[in-house]
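In: Quick one: sequence plus predicted model below, questions after.
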Amino acid sequence: MKIILLGPPGSGKGTVSERLEKDFNLAHVSAGELLREEVKKDTAIGRDIKKFMEKGNLVPNRFVVEMVKLEVNGKDNYILDGFPRSVEQAKLIEGLGIDLVISLEVPEQIVIERFAGRRVCGTGEHGYHLKYLPPKKEGVCDYDGTKLVQRKDDNPEVIKERFRIYHAETQPLVDYYKKKGILKTVDGAPAPEVVYAAVKKIVKTFKK
Ligand code: AMP
C-alpha cells in the first residue's frame with residue numbers, strides 16, 4: 001500500500017506517519033528527513049541543499065525526486081511524508097502507483113501556535129510537542145534517549161516562507177489528487193490521538 005500524506009507545515013504529517021509505520025508496517029519516507037541527512041553529511045550536494053532549506057524554499061527537483069525514488073525503489077508499502085510538494089513533482093512520480101492520499105487540514109493560526117512547542121530528537125526521527133505530545137522524560141527522546149532540539153527552520157521568518165510556498169506550490173495537489181479520486185481529507189486540528197484515529201480508520205477501511 002502506497003500512501004501520500006499532505007498538509008501544511010506543522011500539520012502533524014510526521015507524527016501520523018510514525019504511527020502508521022508501526023500499526024501497518026509501512027516504511028516512513030520523509031523527504032525532509034532524507035534531505036536533512038544529506039545536509040548532515042556535509043557533502044557538496046548537502047551544502048547546496050542546505051541553502052534552500054534554511055530559507056524555507058523547496059529544494060530543486062533534481063536533488064529531491066531521485067532521492068525519494070531511490071528510497072522507495074523495490075518497496076510496495078510506504079508513506080510519503082512531505083513528498084510530492086508540487087504538481088510538477090506529482091507528475092514525476094505518476095509511475096509509482098499511489099493508492100491513497102490523505103490531506104491533513106489545519107487552519108494556519110493553529111499551526112503557527114504549534115510551532116513554538118515543536119521539538120525533534122537528536123536523530124531527527126521522532127517528533128514531539130512540549131504541550132500536545134510531550135516525551136515521557138523532559139527534554140529526552142522516548143525511543144533513542146537523544147536530547148530534544150528545535151529544528152533550525154522552525155523560526156518565524158522561515159515558517160512564514162514555508163507557508164507561502166505551501167499555498168503556492170503544494171495546496172494545488174489537493175485538487176490534483178481529488179480529480180484522480182484517491183484523496184481523503186482529515187481534520188488535523190484536534191489532539192494527535194484524535195487525528196490519528198481518523199487516519200487509521202481510513203487506512204483500515206482502504207485495506208479491506
Ligand atoms: P519537512 O521536514 O517536510 O518540513 O521539510 C523541510 C524542508 O525540506 C522544506 O522546507 C524544504 O526546504 C525541504 N523539502 C522537503 N520536502 C521537499 C520536497 N518534496 N521538495 C522540495 N523540498 C522539500
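Out: Sure thing, it's come through. Remember, it's a predicted structure, so these values are computed and weren't measured experimentally.
In: Name the nearest residue to the residue of the chain found nearest the ligand, ignoring sequence neighbours.
Out: Using C-beta to the nearest ligand atom, the closest approach of the chain to the ligand is made by Gly32 at 2.1 Å. Yep, even glycine has a C-beta here, placed from its N, CA and C like the rest. The spatial neighbour of Gly32 that comes closest, neighbours along the chain excluded (C-beta to C-beta, 6 or more residues apart in numbering), is Gly82 at 4.8 Å.
In: swap in Thr146?
Out: Gly122 (3.0 Å).
In: my guess is Val106 meets Pro9, correct?
Out: No: look at Val106 against Pro9 with C-beta atoms under 8 Å: they stay out of range, at 9.8 Å.
In: Give the other helices and strands that the helix or strand Val65 falls within contacts.
Out: Secondary-structure assignment from DSSP states H and E places Val65 in helix 61-72. On a contact count with 3 or more C-beta pairs under 8 Å, 6 or more residues apart in numbering; DSSP states H and E, helix 61-72 meets strand 27-30, helix 31-41, helix 44-55, strand 78-81, helix 87-92.
In: out of Val106 and Pro9, which sits in the busier spot?
Out: Using other C-beta atoms under 10 Å as the criterion, Val106 and Pro9 rank with Pro9 on top: 25 against 20.
In: Name the SS class of the closest residue in space to the more buried one that isn't next to it in sequence, please.
Out: Using C-beta to C-beta, 6+ apart and skipping residues adjacent in sequence, the residue nearest Pro9 is Arg162, 4.5 Å away. Classification of Arg162 using DSSP: H, G, I helix; E, B strand; the rest coil returns helix.
In: confidence score at Arg162?
Out: Confidence at Arg162, expressed as pLDDT, is 90.
In: Please apply the same query to the one 3 residues further on.
Out: Looking at Ile165, its pLDDT is 94.
In: Now do the strand or helix carrying it: which elements does it pack against?
Out: Per DSSP H and E, Ile165 falls inside helix 156-165. When contacts are defined as 3+ C-beta pairs under 8 Å, 6+ apart, helix 156-165 packs onto helix 44-55, helix 108-115.
In: touching the ligand at all, it?
Out: Yes: counting by C-beta under 6 Å from any ligand atom, the ligand is contacted by helix 156-165 at Arg162.
In: got the buried residues for that helix?
Out: For helix 156-165, the neighbour count (16 or more other C-beta atoms under 10 Å) marks Val158, Ile159, Arg162, Phe163, Ile165 as buried.
In: how far off helix 156-165 does the helix or strand of the chain at the bottom of the mean pLDDT ranking point, in degrees?
Out: Scoring the helices and strands of the chain by mean pLDDT, DSSP states H and E places helix 108-115 at the bottom, with a mean of 85. Comparing the axes of helix 108-115 and helix 156-165 via axes from the mean of the first three to the mean of the last three C-alpha atoms, to 10 degrees yields an angle of 140 degrees.
In: and helix 108-115, what does it pack onto?
Out: Secondary-structure packing of helix 108-115 (3+ C-beta pairs under 8 Å, 6+ apart): helix 156-165.
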